[in-house]
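1. could you look at this predicted model? Sequence included:
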Amino acid sequence: MGSGSWLIDGSKVIDHNGEYFTFLSTVNYRLQVQSPCMVDLVLFPMDVMTCELVIESYAYNAAKVALNWREWSPVFSIAKSKLADFTLYGLQWTKNNFEYAAGQWDQLTVSLTFSRAYGFYLLQMYLPTYSSVLLSFVSFWIDLKALPARITLGVSSLMALTFQYGNVARSLPKVGYVKSIDVYMVLSTGFIFLTMIEVAFVCYLESENNNQKKKMRQKQKGEQKEPTTSRVVDKVSLWSFHLTFIFRKKGQKKRSVNNSYGAISITNPNASEGDFRATVEDPFTEIVPNGTTPSARQNQVANMFESLHALAQIGLFADDSEIEPRWTAEKVDKLCRTLFPATFGLLNLLYWVYYLYQNMLAKENALAPGVA
């Protein structure tokens, strides 16, 4: 350079004559910078992230360049605070001093808190997943004979759910912890998987019940010529006398059975449940123990009829083939029609209450005094 040229120092100004002077000036620059952000995806897609901008002199310490925030609204946003994917929730500014070997440096920091807008994920992830899970519950209303339709419905729902989650997972960073959306997907996949297990269970149950009925029919065919009330006589300890018992029970036709001890006749001409009468004929009077009075014997017979009445009410006189199993495929399906939707709704309620509360706490923790 020529001898008449002069240079500008960042901390002081020297004119071409070499004299010092100070002045106040305003510098206005429009900068576009990229800031690192602390991302925690535990609450994704309801997560909150904080980005920091650091302003610090590179070559001059605080003795030459002092940095301070303006006292009134030093940081503000003139653009829209709502972005496509995030909402600017808060601003925080601080000033720090750091000691280095060359002296003390001033540092200004701006923290921007963003809350993810999860409306996109509600439409693209949650609602389709709800549809897949609820569609799998329709299998509980499909007849068990239409087994291929029930299996196809469950498998299709599971495949649609997996494909939907794959589209979202591809856009996320690979992290080693469980995210909110992972919990929801495991919950939804588990319910669809349980519907498939229910289909297998009712098929097994129906097969077992059919096999049991088939065995009972074969057993009855082999015992048609044998006494059918020996089990009743053994349980009530009938004495050796001829018994005629008429029991009225709704929906039961007349039938008589005999054994070595006597005979029992049961009938019901559409009488009310519990209405019964009985008569006793005992030709074996010689087996009555000595000292037993007729009145005492009548009491014994009356007690026996009370026992027979109680046994009849619990179905002791019914044929084994007429006894319905405790659990059938229809009963299991009927139970699942209420149990599965109610449980799924309850778990979803707990899911949204918990994670929305955690989202609110994350926003509060990200804010501090000095928020604009």
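-> Received, thanks.
2. what bits of the stretch 251-372 of the chain have low per-residue confidence?
-> In the predicted model of the stretch 251-372 of the chain, residues 251-323, 368-372 satisfy pLDDT under 70.
3. rerun at 90
-> Residues of the stretch 251-372 of the chain meeting the criterion pLDDT under 90: 251-329, 363-372.
4. run through the helices of the stretch 1-150 of the chain in chain order.
-> Here the stretch 1-150 of the chain has its helices, by DSSP state H, counting those that start in this stretch, at 119-121, 127-137, 147-169.
5. export those to TSV and tack on distance to L346?
-> C-beta: built from backbone N, CA, C; applies to glycine. Listed next are these as TSV, based on distance: least, Cβ to Cβ, whole Å:
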stretch	distance to L346
helix 119-121	22
helix 127-137	14
helix 147-169	20
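6. among those, which is nearest L350?
-> L350 sits nearest to helix 127-137 of all the helices of the stretch 1-150 of the chain, at 15.5 Å, using Cβ to Cβ.
7. any idea which element Y354 lies in?
-> helix 329-366 (DSSP states H and E).
8. could you give the angle of that helix to helix 127-137?
-> Counting by axes from the mean of the first three to the mean of the last three Cα atoms, to 10 degrees, helix 329-366 lies at 160 degrees to helix 127-137.
9. please identify the most buried of the helices of the stretch 1-150 of the chain.
-> helix 127-137 (a mean of 18; mean count of other Cβ atoms under 10 Å).
10. output the longest helix belonging to the chain.
-> The longest helix of the chain (DSSP state H) is helix 180-222.
11. show me what that helix is packed against.
-> Counting contacts by 3 or more Cβ pairs under 8 Å, 6 or more residues apart in numbering; DSSP states H and E, helix 180-222 is packed against helix 127-137, helix 147-169, helix 329-366.
12. rewinding a little: the helix holding Y354 versus helix 147-169: what angle between them?
-> 10 degrees.
13. show me which residues of helix 329-366 are buried.
-> With burial defined by 16 or more other Cβ atoms under 10 Å, the residues of helix 329-366 counted as buried are A329, V332, D333, C336, F340, F344, N348, Y355, Q358, N359, A362, A366.
14. A84: which of the residues you listed is nearest?
-> N359 (18.9 Å).
15. can I get the helices and strands packed on helix 180-222 in JSON lines with distance to S188?
-> Below are these laid out as JSON lines (distance: least, Cβ to Cβ, whole Å):
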{"stretch": "helix 127-137", "distance to S188": "5"}
{"stretch": "helix 147-169", "distance to S188": "6"}
{"stretch": "helix 329-366", "distance to S188": "8"}
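16. any idea how many residues pack against E206?
-> 18 (other Cβ atoms under 10 Å).
17. distance of it relative to S131?
-> Distance, E206 to S131, by Cβ to Cβ, to the nearest Å: 29 Å.
18. ok, now P341?
-> Counting by Cβ to Cβ, the gap from P341 to S131 is 14 Å.
19. re the thing from before, from the buried residues of helix 329-366, pick the one nearest V27.
-> A366 (30.8 Å).
20. show me what the closest residue to the closest one other than its chain neighbours bridges to in the sheet.
-> Nearest non-adjacent residue to A366, counting by Cβ to Cβ, 6 or more residues apart in numbering: T113, 4.2 Å away. Beta-bridge pairing for T113 (DSSP bridges): T50, G90.
21. quick check: T162 vs L187, distance?
-> Taken as Cβ to Cβ, the span from T162 to L187 is 14 Å.
22. got it, and T195?
-> 13 Å.
23. ok, these two, which is more surrounded?
-> Shown here are T195 and L187; by other Cβ under 10 Å, T195 has more neighbours (23 against 16).
24. rewinding a little: out of the helices and strands packed on helix 180-222, nearest to A102?
-> Nearest of the helices and strands packed on helix 180-222 (Cβ to Cβ): helix 329-366, 34.2 Å.
25. name the helices or strands packed onto the closest one?
-> Helix 329-366 packs on strand 48-56, strand 86-100, strand 103-116, helix 127-137, helix 180-222, going by 3+ Cβ pairs under 8 Å, 6+ apart.
26. CA-only coordinates of the fourth one in PDB, if you can.
-> Coordinates of each C-alpha in helix 127-137 appear next as PDB, following Å, rounded to 0.1, in the frame of the first residue of the first chain:
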ATOM      1  CA  LEU A 127     -55.600 -42.300  12.800                       C
ATOM      2  CA  PRO A 128     -54.600 -45.000  10.200                       C
ATOM      3  CA  THR A 129     -53.300 -47.100  13.100                       C
ATOM      4  CA  TYR A 130     -56.600 -46.700  15.000                       C
ATOM      5  CA  SER A 131     -58.400 -47.800  11.800                       C
ATOM      6  CA  SER A 132     -56.200 -50.900  11.500                       C
ATOM      7  CA  VAL A 133     -56.700 -52.000  15.100                       C
ATOM      8  CA  LEU A 134     -60.400 -51.400  15.200                       C
ATOM      9  CA  LEU A 135     -60.800 -53.200  11.900                       C
ATOM     10  CA  SER A 136     -59.100 -56.300  13.400                       C
ATOM     11  CA  PHE A 137     -61.700 -56.200  16.200                       C
END
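27. with that, I have no additional questions.
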